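Engineer: Pasting the sequence and the predicted model now:
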Amino acid sequence: MTKDLLTPVLARIDAGLEQSVERLVDVLRIPSISTDPKFDPDVHRAAAWMADQLTGIGFDAAVRPAKKHPMVVGHMKGPEGTPHILYYGHYDVQPADPYELWDSDPFEPVIVEAERGKRIVARGAVDDKGQVMTFIEAFRAWMEVHGSLPISVTVLLEGEEESGSESLEPFLSANKDELSADACVVCDTGMWAVDKPAITYMLRGIVSVEVKIKGPSRDLHSGMYGGGVINPINLLSRILGDFHDETGRIRIGGFYDDVLPVGDNELKQWAGLGFDEKAFLSEVGLEVPGGEQGFTALERIWARPTLDVNGITGGYQDPGGKTVIASEASAKITCRLVPDQDPDKIIAGLKAFVTERLPKGYSLEIVHEGGFPALRVPTESDYLKAAVAGLRDEYETEPVLIGCGGSIPAAGSIRNLLGMDSLLVGFGLEDDRVHSPNEKFEMVCFHRGIRSNAAIMARLAELAG
């Protein structure tokens, strides 16, 4: 019965693809950059656009105030007894800088021909407006064909995902009853290949800090004091170099205490994916791998913790020279975490590591900029099995379960505050240039993403009790 209901929906998606693309182009034109206050009116405009789309489909939807940028919330009741699914995404985007590296205006989308057919190029094409539109267009097709959805749906779209999600947890806490559901679909991840769908079941967590070392009471003349004092920049550089040993292992005490090895079955599955590390490096102009020795590339990216220096500041930075020994130096550091690692414990260990290497008279300031634990989704969930079945229906191949080295804070917040697991189903590709100039979304991925979301809803409807 479900297949009979789905078939005309898929036909409607195919027939309406041109209009779906036009709507995607419309929202991509809105520069909803959440990090820069001068774009705040555009962020609000994007929220209103999304709410209007949901309302036009038949949702009870509205723009809701939050601490910084608004949320968009929509509800539609499905048949009695069917699952209630929360769909999460974000309508804000990263800044487009550097503009000179774009082949076209980042907020004037263009559709170009490429090796996989047509693709749309714009900021937010795949992260996350294009992916959000895959489920919105799936909702639209179900409504146009049947006048209702096969399941109950709540939609939550935020406008701060690219700037720290400061408002998300307070909003979830304040609206816990309204946002309650059986499971959550997060459409902000990727596929294994253009013809190989995937569900992400592991996400690394993160801690982000700024480490600042202070030494002399003022900047010093490097001729008068050079050789007579310890330079804070030199000191910081040595400490940063000490973080890893010669095998790439992190030397912070207790860093690996809670890290569990990957099971043999998972390792076997990952080996069967045929990951090409040489091609992975070549795509970014590199040849030599890095990271912790003794592990495969996918283990290092998905299941091992890391420590990376993201930026260093100290001394004179403007053109020309200035012969000073700076009074202080700082570095921004992130650690990617795996399941069971405690962000607070990692920060404490990092602080102790730096402190024990400071000479007398030198001080340390650590600014904690954020952090959250890693996430692992249970693979035995009936909801995950339904998502797998829906993807299998569309692609006629077995979807793969994959990890992700990155982080989606919302998935952890939704689990912790709303008590539900997330189905991380995405349609991006590794070469989509997320956060980079010329970000793109393949039209075949957009089209099949809409069809896949429709098929997943049909499979979820079969769980009705």
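Structural biologist: In hand now; what should we look at? Keep in mind that this is a model prediction, so the values were computed, not measured.
Engineer: can I see the domain layout of this protein?
Structural biologist: Residue ranges for the domains of the chain, per automatic domain parsing: 2-203+375-461, 205-259+305-372.
Engineer: Quick check: which of those domains is buried the most?
Structural biologist: The highest mean neighbour count among these, using mean count of other C-beta atoms under 10 Å, belongs to domain 2-203+375-461: a mean of 20. To be clear about C-beta, it is placed using only N, CA and C from the backbone, and glycine gets the same treatment.
Engineer: quick one, which of the domains of the chain is nearest to Lys268?
Structural biologist: Between Lys268 and the domains of the chain, the shortest separation by C-beta to C-beta is 12.5 Å, and it involves domain 2-203+375-461.
Engineer: what's the distance between that closest one and the middle of its chain?
Structural biologist: Relative to the mean C-alpha coordinate of its chain, domain 2-203+375-461 is positioned 12 Å out (C-alpha atoms, centre = their mean, to the nearest Å).
Engineer: could the domains of the chain go into JSON lines alongside distance to Leu286 and mean pLDDT?
Structural biologist: Formatted as JSON lines, those follow (distance: least, C-beta to C-beta, whole Å; pLDDT from 0 to 100):
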{"stretch": "domain 2-203+375-461", "distance to Leu286": "15", "mean pLDDT": "96"}
{"stretch": "domain 205-259+305-372", "distance to Leu286": "15", "mean pLDDT": "95"}
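Engineer: so which of these comes closest to Glu287?
Structural biologist: Comparing the domains of the chain against Glu287 with C-beta to C-beta, the closest turns out to be domain 205-259+305-372 (16.8 Å).
Engineer: End to end on that closest one, go ahead and measure it.
Structural biologist: One end of domain 205-259+305-372 sits 6 Å from the other (C-alpha to C-alpha, to the nearest Å).
Engineer: ok so, going back, make a markdown table out of the domains of the chain and add distance to Thr296.
Structural biologist: Below are the domains of the chain laid out as a markdown table (distance: least, C-beta to C-beta, whole Å):
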| stretch | distance to Thr296 |
| --- | --- |
| domain 2-203+375-461 | 12 |
| domain 205-259+305-372 | 13 |
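Engineer: For Asn265, which of the ones you listed is the nearest?
Structural biologist: That would be, of the domains of the chain and by C-beta to C-beta, domain 2-203+375-461, which comes in at 10.5 Å.
Engineer: show me what contacts Ala455?
Structural biologist: Taking C-beta atoms under 8 Å, 6 or more residues apart in numbering as the contact definition, Ala455 lies against 6, 10, 390-391, 393-394.
Engineer: just checking, it is part of a strand?
Structural biologist: No: Ala455 is assigned helix when assessed by DSSP: H, G, I helix; E, B strand; the rest coil, not a strand.
Engineer: Can you tell me the closest non-neighbouring residue to it?
Structural biologist: Taking C-beta to C-beta, 6 or more residues apart in numbering, and ignoring the residues beside it in sequence, Ala455 has Gly390 as its nearest neighbour in space, at 4.0 Å.
Engineer: Could you do Gly58 as well?
Structural biologist: Taking C-beta to C-beta, 6+ apart, and ignoring the residues beside it in sequence, Gly58 has Met143 as its nearest neighbour in space, at 5.4 Å.
Engineer: With Ala66 instead?
Structural biologist: The spatially closest residue to Ala66, leaving aside those adjacent along the chain, is Ser167, at 3.7 Å (C-beta to C-beta, 6+ apart).
Engineer: Bridged to the nearest residue to Asn231 once chain neighbours are set aside, which residues?
Structural biologist: Sequence neighbours aside, Ile325 is the residue nearest to Asn231 in space, at 5.0 Å (criterion: C-beta to C-beta, 6+ apart). For Ile325, the beta-bridge partners under DSSP bridges are Leu220.
Engineer: Let me see the contact set for Ile325.
Structural biologist: When contacts are counted by C-beta under 8 Å, 6+ apart, Ile325 touches 216, 219-222, 225-226, 229, 231-233, 315.
Engineer: Show me where the stretch 251-400 of the chain has its strands.
Structural biologist: For the stretch 251-400 of the chain, strands defined by DSSP state E, counting those that start in this stretch occupy the ranges 306-314, 324-325, 328-337, 363-372, 375-376, 400-404.
Engineer: Out of these, the one nearest Val112 is which?
Structural biologist: Each of those was checked against Val112 via C-beta to C-beta, and the shortest separation belongs to strand 400-404, namely 27.6 Å.
Engineer: Can you dump the C-alpha atoms of the closest one in CSV for me?
Structural biologist: Extracted in CSV, the C-alpha atoms of strand 400-404 (Å, rounded to 0.1, in the frame of the first residue of the first chain):
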residue,chain,number,x,y,z
VAL,A,400,26.4,2.4,3.8
LEU,A,401,26.8,3.5,7.4
ILE,A,402,29.7,5.9,7.7
GLY,A,403,31.4,8.1,10.2
CYS,A,404,32.2,11.8,9.9
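Engineer: His244 versus the residue nearest to Ala66, what's the distance?
Structural biologist: Distance, Ser167 to His244, using C-beta to C-beta, to the nearest Å: 36 Å.
Engineer: before we move on, what about Lys351?
Structural biologist: Distance, Lys351 to His244, using C-beta to C-beta: 17 Å.
Engineer: roughly how far apart are the closest residue to Ala374 other than its chain neighbours and Cys404?
Structural biologist: For Ala374, ignoring the flanking residues on the chain, the nearest one in space by C-beta to C-beta, 6+ apart is Gly205 at 3.8 Å. Taken as C-beta to C-beta, the spacing of Gly205 relative to Cys404 amounts to 11 Å.
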